[in-house]
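> Next come a sequence and a model predicted from it.
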Amino acid sequence: MVGAQWSAKSSAGNTILRKDAFAVAHGRKTMYCEVSHSMVAERKFKWWIPPGWFYNHKLKDTCQMDKLEIEHSMYLCPLGPRAMLLVVDLASAFNMSYQRAVQDHRSVFRDEVWNHTIVLFTRATGCGGAHRE
């Protein structure tokens with residue numbers, strides 16, 4: 001699960017895993033790659049959340065420690081990830097600078113990972129109270 005800082009990756013992970021696997025607090029930033037194991041629909045999952053990038057910063061503007069943690073996350077599963085969730089906060093405008101930041105951060109991961117990427121939009125409450133799936 002990757003995405004910009006404050007895109008609610010931890011909250012989304014907790015919702016999907018149906019448990020409080022990742023700490024969630026107002027203003028909290030993931031500093032290191034966090035890992036959780038869980039069973040969902042009778043399948044084992046290894047879930048990890050690396051630090052995010054500032055939503056419109058290019059890779060060169062992301063601090064070195066965060067880049068290393070994001071890259072490290074790809075090696076937590078020996079065979080590589082089966083799926084990648086790209087988390088996008090609906091409260092942020094997905095404009096050209098956001099798109100460039102996502103494309104630039106893609107270079108941290110192997111190309112084949114992006115063939116198995118699902119975009120997950122978060123913060124549905126920011127849509128005027130309408131429920132979104």
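Sure thing, it's come through.
> Now do the strands in this protein.
2-3, 34-40, 43-49, 84-89, 117-122 (DSSP state E).
> pLDDT below threshold where in the protein?
With pLDDT under 70 as the threshold, the chain has low-confidence stretches at 79-81, 124-133.
> Give the buried residues for stretch 66-75.
Across stretch 66-75, burial judged by 16 or more other CB atoms under 10 Å covers 66-67, 69-70, 73-74. Every C-beta, even on glycine, is put in place using the N, C-alpha and C of the backbone.
> Quick check: which of the strands of the chain is buried the most?
strand 2-3 (a mean of 26; mean count of other CB atoms under 10 Å).
> what lines up beside that strand in the sheet?
Partners of strand 2-3 in the sheet, by DSSP bridges, are strand 84-89 (parallel).
> any residues touching the partner strand, and which ones?
Outside strand 84-89, the residues that touch it by CB atoms under 8 Å, 6 or more residues apart in numbering are 1-4, 6-9, 12, 55, 94, 102, 109, 113-114, 116-123.
> give the contact list for residue 18.
38, 40.
> can you count the residues close to residue 76?
As a burial measure, residue 76 scores 14 neighbours (other CB atoms under 10 Å).
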